[in-house]
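[1] requesting a structural model of the entry that follows:
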Amino acid sequence: MIKKVISLVVLATIFTVCLPIQETNANTTGANLKALETTLTLDEAKIIVANYATNTSLSVDEAEKQLTAELESKIKEDRSEQMNQTHTTRGASSGKYKLSKSKYVGDVFYTPSSTLGIPHGHNGIYVKKDRIVESIPKTGVRNIAYNGRNVEKNTVMQDVKVSQKKCTAAANWANSQVGEKYSKNFATNRKTGKYGAKNCSKLVWSAYILKADIDIDKDKGAGVYPKDIRDSNYTHTYKTIK
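    This is a model prediction of the structure:
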């Protein structure tokens, strides 16, 4: 009887060890990221996680945990800010307020906004004192008049703490990207190419890192999010729209 029990335990152990754990993980890769960044499809989320794992020499599970931890932190911070405001943020092109003309070429702005219930904010850059360049889902990178942009309460306008020559160079580069498609990938947008499809924060961040040689991402995580630019040591708020 004892021998039979031992045999059953050994067989059970062997069976457990041989279960297809990797296959199960592969089938769920990207699900946690997609649950947070709801604009992504599951296939898009899987590709983002897989590429990040390859580029950082992390396992797929470790890569996704790192990406979701950063995104969860951003969402928590943004929702906390949202609760302290008296209005409800909507999409990046919504709001009942208008931008003002900027002080300088190369100034940036941040407006609170949310997409599909996820608060993330939105950035753009002034390429002239009366024109901005931004990237939005509907059109991709576009150039519009400053007063063509609706913004939310507590939108901030900021200058950047480098020479005007570098600010102008950053603005000109951003303007050269008009017509590029929008990218839904915020989670690893620091790690992807600076040319081609890009979202709002990737556009502004790329302009300054390429043409002014400064990194305006506050925490320098895998993704540069709109609020990272707003809170950077390189950006200075000179006007809050209320």
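
[2] residues contacting the residue nearest the centre of the chain?
    The structure's the chain has its C-alpha centroid closest to residue 186; by CA atoms, centre = their mean the separation is 3.0 Å. Contacts for residue 186 were tallied using CB atoms under 8 Å, 6 or more residues apart in numbering; they are 37, 71, 120, 199, 201-202, 223-225. C-beta coordinates here come from the backbone N, C-alpha and C atoms, glycine included.

[3] what of residue 173?
    So residue 173 contacts 206-207, 210-211 (CB under 8 Å, 6+ apart).

[4] nearest to residue 130 among those?
    Nearest to residue 130 among those: residue 207, at 18.4 Å, using CB to CB.

[5] show me the strands in the protein, by range?
    Secondary structure of the chain (DSSP state E): strands located at 97-98, 108-111, 114-115, 118-119, 122-128, 131-136, 140-145, 150-151, 155-160, 235-241.

[6] lowest mean pLDDT across the ones you listed, which one is that?
    Of all the strands of the chain, mean pLDDT reaches its minimum on strand 114-115 (a mean of 65).

[7] related to what we said a few turns ago, which of the contacts of residue 186 has the most neighbours?
    Each of these was scored for neighbours by other CB atoms under 10 Å, and residue 225 scores highest at 31 neighbours.

[8] that one and residue 77 touch, don't they?
    No: applying CB atoms under 8 Å as the test, residue 225 and residue 77 come out as separate, 9.4 Å apart.

[9] how close does residue 187 sit to residue 126?
    To residue 126, residue 187 is 27 Å away according to CB to CB, to the nearest Å.

[10] for residue 227, see how far away residue 81 is.
    Taking CB to CB, one finds residue 81 at 8 Å from residue 227.

[11] residue 164 too?
    25 Å.

[12] the more surrounded of those two?
    Higher neighbour count among residue 164 and residue 227: residue 227, with 21 against 12, using other CB under 10 Å.

[13] the more buried one: what's it in contact with?
    74, 77-78, 110, 120-121, 218.

[14] rerun that using 7 Å as the cut-off
    If a contact means CB atoms under 7 Å, 6 or more residues apart in numbering, then residue 227 has 74, 78, 110, 121 as its contacts.

[15] what does residue 240 give?
    Here residue 240 is in contact with 154, 156 (CB under 7 Å, 6+ apart).

[16] count the residues that sit near the closest residue to residue 109 other than its chain neighbours.
    Counting by CB to CB, 6 or more residues apart in numbering, residue 109 lies nearest to residue 157, which is 5.1 Å off, once chain neighbours are set aside. Residue 157 is flanked by 23 other residues according to other CB under 10 Å.

[17] roughly how far does residue 157 sit from residue 119?
    20 Å.

[18] and if you look at residue 153?
    Taken as CB to CB, the span from residue 153 to residue 119 is 14 Å.

[19] neighbour count for those two, which is higher?
    Ranked by neighbour count (other CB under 10 Å), residue 153 and residue 119 place residue 119 first, with 21 against 16.

[20] from residue 189, how far out is that one?
    17 Å.

[21] need the pLDDT of residue 40.
    92.

[22] you'd agree it is up against residue 34?
    Yes: look at residue 40 against residue 34 with CB atoms under 7 Å: they come within range, at 5.1 Å.
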